[in-house]
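1. missing the sequence, but the structure's below:
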């Protein structure tokens, strides 16, 4: 478990905390089997992953596929976002998460 977060992870954590009034209870760096999810809402079985460069080079893609297969077999829905997506399109990422959670926050406001 890390104590320092990347800029994208910090943005994501702040974003996920905005869903708390609507019942979302995400946790950071959550162990699930042999893996650690960046962010997970365990009761809803939703995982949000923040993918930096290491996910796209070397063994990263193979590891992620194996990990995703395991997590999906456990019933989890996995949402993956790159660092750049989170930093450059925070609103778009927020809306994708909102849809995945089945929330329509703007309509309720």
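-> That came through, no problem. The structure presented is a predicted model; accordingly, all values stated were derived computationally and were not measured. Residues are numbered from 1 along each chain as shown.
2. quick check: bridge partners of the residue nearest in space to the middle of the chain?
-> What sits nearest the mean C-alpha location of the chain, by C-alpha atoms, centre = their mean, is residue 48, with 1.2 Å. On the basis of DSSP bridges, residue 48 is bridged to residue 39, residue 79.
3. where's it relative to residue 7, distance?
-> Residue 48 sits at a distance of 16 Å from residue 7 (criterion: C-beta to C-beta, to the nearest Å). (C-beta placed from N, C-alpha, C; glycine too.)
4. and what of residue 83?
-> 8 Å.
5. the two: which is more packed in?
-> Taking other C-beta atoms under 10 Å, residue 83 and residue 7 do not tie; residue 83 has more neighbours (18 against 11).
6. give me the number of residues near the residue nearest to that one when sequence neighbours are not counted?
-> Closest residue in space to residue 83, ignoring its immediate chain neighbours: residue 8 at 3.9 Å, by C-beta to C-beta, 6 or more residues apart in numbering. By the criterion of other C-beta under 10 Å, residue 8 has 22 neighbours.
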